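Peer 1: Fold the following.
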Amino acid sequence: MLNNELQLFDNEALLFRLHEALNRSDKEVVFIVGAPLTAPHSGEIGVADVKAVVELIRSEFPEHSRHRERFETSVVESLNPYQAAFDFLSGNAGQGAANRIVKEAVAQALISSGSNDWSGAIRKLTDDDLKALDHDTAIWHLSPGVSALGTLIARFPGRFGKILITSNFDPLIEVSVRRSGGSAWRTSLSVDGSIRQSEAEGCQVIHIHGYWYGSDTLHTTRQLLQNRPTLKNDLLARLQDKIVVVIAYGGWPDIFTGALGGIVSNDNLFPEILWTFHSDQPSLGEHLRATLQPGIDRNRVTFYKGIDCHAFLPELLSLWEENPPPEASEADTATKIMPRDRARLFRLAPIECDRPPSIEIWVGRENELRALETSKAKVVIICGMGGEGKSALASRYIGTLDEQENAYRLWDWRDCKEQRDRIRTQIVEIIVRFSEGRVSADDLTEADDAELVEVLIDQTSDAKAILVFDNVDSYIDLENRRFIGLLDTLVHGISTSESTSRVVLTCRPDVQYPSSSVITLAIKGISVEEATELFAKRAPTVIIPDEDIREAHTRTNGHAFWLDLLAVQVTKIPGTTLRKLLNDMRRGRDDGPDILSPLWDKLAPREQTLLRFMAEAVRPETVNMVEGFVASQLNYQKFSKALRSLIALNLIVVKPEADAPDLYDLHPLVRQFVRTKFERAERSGFIRVVLNQYDIIIGKIEALLGINMPYPMLERWSQKAELQVAAGLFEEAFETLTKIEDAFIGGGHVQEFVRVGRLLFEAIDWETAPTKHSQFDNIVGAMVEALDQLGDPESADSMLTRYESTIPQKTARYINFCNVRAYSYWMRKDFEQAIEWAQKGVTLKSETNVDTEFDCEHTLALAQRDAGQPAVAIEYLRNNCDVADIITGADGVPASAPMYGNVGRCLYLMERFDDALACYRKSLTILETESASTTKSNRAYGRRWVGQIFAERGEAETAEAFLMDAIQTLGSSAPLRVRELYLELEKVRAAGAPVMSEAKATRIVNNWMRE
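Peer 2: Residues are numbered from 1 along each chain as shown. Predicted coordinates:
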């Protein structure tokens, strides 16, 4: 027990100290937090706590083995089982095993995709994969404590958001801050070092015991007590004039408690240490007592008992949101309004966006580059033939941002690969990246083109970024020389906005817009003088006759890439002269020169082999991945030589990234040449080898497959399906699409699913497909739903017409056709047609008693409900339960949020408002614990429906609270729906009445759900 002379204060005292009393102080607050903050709470998932970690370590040693017995003895006899367990693990399995255990422990806070093999999956992930998880804020479950702490830091950065210290290894504090709209950056130290070596905007989260990947983690007594003087001195400097709040932290002997002892024992420093205990009757260990005693004697350390971080931090947040101090409110509002410094985006994991090509030799294009640098246009379109340097110009431009005296300082690069059905996916991923995960892909599933562009502009408006969309040829109306669809909407939206960002688009056809905010740069061939300069830079030691360069320029029409290939051959291939190359030059397509065929003939077999494998890859890859492609045919030495040679010949493009492995790709013209040189049968073997490598990667992450998987990892499956189509492996492609359907469509990556699905359906024989491919019918249905979801009813109808033609007689497959068509009409809100088609399927099935999984009843019920027949629809939607039992939540009624919501909606339409509210309450309560792709949207719909009932009953304050909370739930991901909600809100709120605070609205909603 604590000695009697030590006074213990309670929860109310600490709340007063960190709110009212803090208003009279100009000091900043630094939180020191430990494992309980992110551990499982109230039955929800979280980072494995101390006991669970010990259990993870125990499972490393087989039951009934001699090692398990020794482990048990070691742990039982120790005063600190956690450290003892890690001591034993390190001695028997090494530091790598300790790091692996930490990864498994942290991964338990990831929202599950349904896998039972989290441990096996996490162990196989690379650091790049783990970075992808880090940056996806939607896939982590946050406890009430860490959620409130992140919001407190994000909304009141002047008081709480400068620095935070944690002994935890997980990213949940940073995730919480970003999810709440704030900025956070990490400093991780597993050895001695300074915490002041780097700076960034936002809260610096210092992980004093290491991080869950990328470094060793500290657990053992020896590690925790190691001397780290630099870190200790830095902590002393950062904490000496702060209010230090220690919460959910055990006070083990480590670098923090050592630094704290140095602060409280220095009479020249005047800290305020607020140390909290979870227990109402806490005990103070000898080490901690000795460390804090000088501060206790000076009344610089205050103790608080009964502090539960999951209750206290939400209470503190509520106080600050409802009663922010005027000066803090103004400062924090200014922080929100001022453009945020997003320089840290340069340090995002490389898989966060595509990479521009590395430019080794730069010749000409000075006028175009100057136009890019000096123009005020919001949209720049770079047009020109393939190989003329469009991508190189864009890459050069963003590579020199730091040297320019303009407002742009960040960039994002997206390669659309001259393929359709990619632009929505790319825009969604930009939104996810710039919102730092606060807006997720599935939040944008219902957004139409205009709404999606509005969200993009909102998320990048203050970023001062260059957004490059490379190779957008598939989105051009060639007759009118304009972009089409979403890209046209983007050009109009960004060009008329007040955004600080700029869009750069590259394409082959000439595209023109009349607006002064849109300029087009037409890239033509380089001049003779520039060609001479190019040869001089490529071959500085070779004397090349001017007349040969002029002839090369004439025969290539000044084509930058063809001239560069000639120049590198003169330098890199012994005995080669430009005159000889000109003599060997062949006539190619469109009367242009064929530079690649003669060059191909000169390549060594190993170089040809490497090019053939790389031509089949669907994305740039690391050197290890490329080596895996060729391993069956080339040893490492031959592979390395071939790679260096092809890079020197400029046939392979290097795409570098700071602090990440380089990526290797082929120039688009080289890839096109290699692919067209060989028939599909000749390519098939190479594609299968590449597929095998993709399967190896997928095997490492397959257990994580689900709607919560970050898109850069999920994309491997769509790439696999694309390769299967290219190899003619259609049955395998159908199986792959079946496996990823829920993850892609449910996770908001609808267009990527459609892109690959279209490739498959364009390649197969539709007449034989229904009998040859078992998943044909299911994928057709998924495609039609996805196309309707994307707002493309014409394509959906075209696919339905083609599908119907494969069903000459009314077999069981016709029932599926009826359901797919009915659901399509329901999505378009044509409820009468939906009822008609669904009823056809229901009738056919009931009259024939056919044994089939195909069914139309659910679609029929949805259509009946929304067509004004709720009493009919409820008979199916009640799921064979009595409506009275559903309303009361009787035993045996399944805990299904959709069922309660659908029944509640029917009851509302039947004007049974009290019963509808009872169902809505149960539905919303269940949704609070779910994490499906539609959960966020359903939570918003549910709150809106409840608000509508209270509005009709004249309970204005409660109605306003639910509508406000619906708006808060949607955030910035659905501006159209938010505007509709605001219109409803204005009708409810009294004229001139102040807007209800978000905190008050949330409290009213939560209290109602708990009734």
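Peer 1: ranges for the strands of the stretch 501-650 of the chain?
Peer 2: Secondary structure of the stretch 501-650 of the chain, counting by DSSP state E, counting those that start in this stretch: strands at 502-507, 518-523, 586-587, 593-594.
Peer 1: pLDDT (mean, whole number) over the first one?
Peer 2: For strand 502-507, mean pLDDT is 96.
Peer 1: Also the last one?
Peer 2: When the per-residue pLDDT values of strand 593-594 are averaged, the result is 85.
Peer 1: Give the other helices and strands that it contacts.
Peer 2: strand 586-587 (3 or more C-beta pairs under 8 Å, 6 or more residues apart in numbering; DSSP states H and E). Any C-beta I mention is one placed from the backbone N, CA and C, and that applies to glycine too.
Peer 1: Out of the strands of the stretch 501-650 of the chain, which one sits most buried?
Peer 2: Stretch with highest mean neighbour count among the strands of the stretch 501-650 of the chain: strand 502-507 (a mean of 25; mean count of other C-beta atoms under 10 Å).
Peer 1: what does it rub up against?
Peer 2: Strand 502-507 has contacts (C-beta atoms under 8 Å, 6 or more residues apart in numbering) with 372, 377-383, 390-391, 394, 397, 408, 465-473, 476, 483, 487, 490-491, 494, 511.
Peer 1: you'd agree M964 is up against E984?
Peer 2: No. Contact criterion C-beta atoms under 8 Å: M964 and E984 do not qualify, at 10.6 Å.
Peer 1: Show me the contacts of strand 502-507 that map onto helices.
Peer 2: 372, 390-391, 394, 397, 487, 490-491, 494 (DSSP state H).
Peer 1: rewinding a little: any idea which of the strands of the stretch 501-650 of the chain gets closest to G901?
Peer 2: Across the strands of the stretch 501-650 of the chain, the minimum distance to G901, taken as C-beta to C-beta, is reached by strand 502-507, at 39.6 Å.
Peer 1: low-confidence ranges in the stretch 301-450 of the chain?
Peer 2: For the stretch 301-450 of the chain, the stretches flagged by pLDDT under 70 are 325-352, 405-406.
Peer 1: Then the stretch 851-1000 of the chain?
Peer 2: 931-934.
Peer 1: 80 instead, please
Peer 2: 929-936, 971-976, 990-993, 995, 999 (pLDDT under 80).
Peer 1: which residues sit in contact with L110?
Peer 2: Neighbours of L110 in contact, by C-beta under 8 Å, 6+ apart: 45, 118, 133, 139-141, 704, 708.
Peer 1: redo that, cut-off 7 Å
Peer 2: Contacts for L110 (C-beta atoms under 7 Å, 6 or more residues apart in numbering) come out as 133, 139-140.
Peer 1: Can I have the buried ones of those as a PyMOL selection?
Peer 2: To isolate the buried ones among these in PyMOL, judged by 16 or more other C-beta atoms under 10 Å, type:
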select buried, resi 133+139+140
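Peer 1: Turn the contacts of L110 into TSV, including pLDDT.
Peer 2: Shown next, in TSV, are the contacts of L110 (pLDDT from 0 to 100):
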residue	pLDDT
L133	83
I139	81
W140	87
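Peer 1: Can you tell me which of the contacts of L110 is closest to Q281?
Peer 2: Once C-beta to C-beta is applied, the member of the contacts of L110 that ends up nearest Q281 is W140, at 33.9 Å.
Peer 1: Need the pLDDT of the residue nearest to the closest one when sequence neighbours are not counted.
Peer 2: Closest residue in space to W140, ignoring its immediate chain neighbours: V175 at 4.9 Å, by C-beta to C-beta, 6 or more residues apart in numbering. V175 carries a pLDDT value of 91.
Peer 1: V175 against T137, yeah?
Peer 2: Yes. Between V175 and T137 a contact is recorded at 4.8 Å, counting by C-beta atoms under 7 Å.
Peer 1: More neighbours: the two, which one.
Peer 2: V175 (28 against 24; other C-beta atoms under 10 Å).
Peer 1: Could you tell me the phi and psi values at the more buried one?
Peer 2: phi -60, psi -50 (degrees, to the nearest 10).
Peer 1: got a list of what it touches?
Peer 2: 137, 140, 142.
Peer 1: As a markdown table, the residues you listed with distance to A154 and secondary structure would be great.
Peer 2: Below are the contacts of V175 laid out as a markdown table (distance: C-beta to C-beta, whole Å; DSSP: H, G, I helix; E, B strand; the rest coil):
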| residue | distance to A154 | secondary structure |
| --- | --- | --- |
| T137 | 12 | helix |
| W140 | 16 | strand |
| L142 | 13 | coil |
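Peer 1: E785: which of these is nearest?
Peer 2: T137 (27.5 Å).
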